[in-house]
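Trainee: I would like the atomic coordinates for the input below:
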Amino acid sequence: MNTNALRLETKDDSDIETKAIETALANMTTAFETHKKASNDNDAAQKKRIDDLELRLNRPGGHANDNKEPTDETKAFEKYIRRGAEALGEEVKSLRVSDNTAGGYLSPDEFNAELDRNVVLFSPVRQVARVLPTGAPAVLWPKRLSGFTASWVGETGARPETTATFGQSRYPIFELAAWVDVANAMLEDSTFDVASMLSFEFAQEFGLEEGKAFVNGASALSPSGFMQDAGVAYTPTTSATAVLPDSLFDIYHAVKSPYRANAVWGMNSNTLGYVRKLKDGQGNYLLSHGGVANAPITTILGNPVVEMPDMPDIAGGAFPIVFGDFSQGYRIFDRVSLSVLRDPYSQATNGATRFHGRRRVAGGVGKAEAIRKLKVSVS
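Mentor: Residues are numbered from 1 along each chain as shown. Sure thing, here's the model as predicted:
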């Protein structure tokens with residue numbers, strides 16, 4: 001055996017092992033330094049966030065602004081309103097879908113929430129009805145046309161066949177549009193709350209028109225109203241010219257008991273003023289007040305009253321009062337809460353920018369038996 005060759009081979013293997021160990025140690029050291037640097041950077045960023053938060057909280061009124069920091073979408077939408085799409089740059093990605101060529105930008109959730117709060121003031125139907133979002137051009141809602149029937153049978157008697165039939169209601173989406181002009185000086189003034197102003201203006205227009213449609217809508221271009229739905233039954237007042245106390249009891253008990261628990265009364269202010277004077281046989285007013293401070297609740301026979309300005313006044317043949325569970329009786333589907341198109345050109349000579357707003361919504365009766373009308377009539 002060649003002893004020198006064996007020694008050389010052993011030495012070479014040892015050198016290879018040593019180099020492998022050194023390489024592994026070097027890689028581990030590099031990985032450790034990289035991890036240490038990343039950890040230090042993360043600690044520094046976290047400390048900066050904490051310092052910034054403490055700074056905001058220590059400012060006067062800082063605690064009152066918790067969780068109210070505008071989102072990126074809100075900031076981008078605000079910039080779009082004030083300066084147009086040209087000023088957005090990369091922020092355009094923060095606005096959800098749509099661009100000017102497609103009809104405007106969809107408003108962010110915070111703006112929609114403020115809009116809806118204002119709409120409720122003008123359209124209380126939205127406050128009591130069932131409101132759902134949708135992404136379809138029309139909503140198909142299944143409904144049961146007839147239910148199962150049961151029969152008494154003998155111990156060994158034949159069981160009769162029974163079936164249930166189903167259908168569907170179709171709620172097409174309609175578009176509501178409005179525009180408002182805003183002075184350019186206001187848009188340039190950073191202290192002016194443009195979003196709140198637009199929210200109020202669009203809510204006023206949309207709320208007024210929505211209220212009309214949800215109550216009396218009969219146009220091919222608007223949602224159908226519950227007062228015009230042929231499936232909603234009525235109870236006569238037994239008087240050709242007036243609403244009698246007994247009439248309120250009649251319509252109350254004409255609605256099935258499962259719906260009465262969540263039912264509300266709907267009427268306009270003039271009718272409410274008339275009903276306020278009605279008394280029962282013991283001289284007690286039918287209308288009562290409850291609730292807490294700054295949130296009074298007007299009730300009739302224990303159920304809340306909602307003022308609906310689009311309901312008719314008391315007159316012969318009119319339907320001045322409605323009673324029922326609107327959460328089951330009427331459905332509203334929001335397709336687009338608000339899309340805003342900024343037009344800086346058409347009113348430029350007047351020193352203003354025009355904002356076109358549009359809202360897409362569907363509405364219609366869900367369960368007709370959950371709602372009942374009172375008709376001023378003897379039959």
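Trainee: stretch 207-224 - what's its average pLDDT?
Mentor: Averaged across stretch 207-224, pLDDT comes to 91.
Trainee: do the same with stretch 356-376
Mentor: 93.
Trainee: quote the end-to-end distance of it.
Mentor: 42 Å (CA to CA, to the nearest Å).
Trainee: what about the helices in the stretch 151-300 of the chain?
Mentor: In the stretch 151-300 of the chain, the segments counted as helices under DSSP state H, counting those that start in this stretch are 184-188, 194-216, 245-254, 257-260, 269-275.
Trainee: who wins for proximity to Gln282 among those helices?
Mentor: For Gln282, the closest of the helices of the stretch 151-300 of the chain is helix 245-254, at 11.0 Å, according to CB to CB. (C-beta placed from N, C-alpha, C; glycine too.)
Trainee: picking up where we left off before, deepest-packed of the helices of the stretch 151-300 of the chain, please.
Mentor: Of all those, helix 194-216 has the most neighbours on average by mean count of other CB atoms under 10 Å, namely a mean of 20.
Trainee: mind giving me the packing neighbours of it?
Mentor: When contacts are defined as 3 or more CB pairs under 8 Å, 6 or more residues apart in numbering; DSSP states H and E, helix 194-216 sits against helix 72-83, helix 109-122, helix 124-128, strand 174-183, helix 184-188, strand 330-343, strand 352-365.
Trainee: nearest to Phe148, of the helices of the stretch 151-300 of the chain?
Mentor: Closest approach to Phe148 among the helices of the stretch 151-300 of the chain (CB to CB): helix 257-260, 17.7 Å.
Trainee: want to throw the helices of the stretch 151-300 of the chain into JSON lines with distance to Thr237?
Mentor: What follows is the helices of the stretch 151-300 of the chain, written out as JSON lines (distance: least, CB to CB, whole Å):
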{"stretch": "helix 184-188", "distance to Thr237": "52"}
{"stretch": "helix 194-216", "distance to Thr237": "20"}
{"stretch": "helix 245-254", "distance to Thr237": "4"}
{"stretch": "helix 257-260", "distance to Thr237": "19"}
{"stretch": "helix 269-275", "distance to Thr237": "12"}
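Trainee: and Gln328, which of these is closest to it?
Mentor: helix 257-260 (6.6 Å).
Trainee: what's next to the closest one, contact-wise?
Mentor: Helix 257-260 has contacts (CB atoms under 8 Å, 6 or more residues apart in numbering) with 252, 303, 324-325, 328-329, 369-370.
Trainee: mind redoing it with 10 Å?
Mentor: 252-253, 301-303, 323-329, 367, 369-372 (CB atoms under 10 Å, 6 or more residues apart in numbering).
Trainee: now the buried members of those residues.
Mentor: Neighbour-count burial (16 or more other CB atoms under 10 Å) applied to the contacts of helix 257-260 gives 252, 301, 303, 323-329, 367, 369-372.
Trainee: from these, pick the one nearest Arg359.
Mentor: Distance to Arg359, by CB to CB, is smallest for Phe326 among the buried ones among the contacts of helix 257-260, at 20.2 Å.
Trainee: show me what contacts that closest one?
Mentor: Phe326 touches 124-130, 214, 226, 259, 262-264, 266, 306, 332, 365-366, 370-371, counting by CB under 10 Å, 6+ apart.
Trainee: quick check: the gap between it and Asp229.
Mentor: Relative to Asp229, Phe326 is positioned 13 Å away (CB to CB, to the nearest Å).
Trainee: what residues are shared contacts of the two?
Mentor: Residues touching both Phe326 and Asp229 (CB under 10 Å, 6+ apart) are 365, 371.
Trainee: out of the helices and strands in this protein, which is least certain?
Mentor: Lowest on mean pLDDT, DSSP states H and E among the helices and strands of the chain sits strand 105-106, with a mean of 55.
Trainee: Asn303 and Ala261 touch, don't they?
Mentor: Yes: counting by CB atoms under 10 Å, Asn303 touches Ala261, with 8.9 Å between them.
Trainee: now for those two: what residues contact both?
Mentor: Asp325.
Trainee: what residue ranges in this protein score low on pLDDT?
Mentor: 1-18, 20, 24, 31-32, 35-36, 38-123, 143-147, 164-166, 190-192, 291-295 (pLDDT under 70).
Trainee: among the contacts of helix 257-260, which ones are in helices?
Mentor: The helices, defined by DSSP state H, take in 252-253, 326-329 from the contacts of helix 257-260.
Trainee: just send those residues back as TSV, with distance to Pro142 too.
Mentor: Compiled in TSV, the ones in helices among the contacts of helix 257-260 are given as follows (distance: CB to CB, whole Å):
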residue	distance to Pro142
Tyr252	30
His253	30
Phe326	20
Ser327	18
Gln328	14
Gly329	16
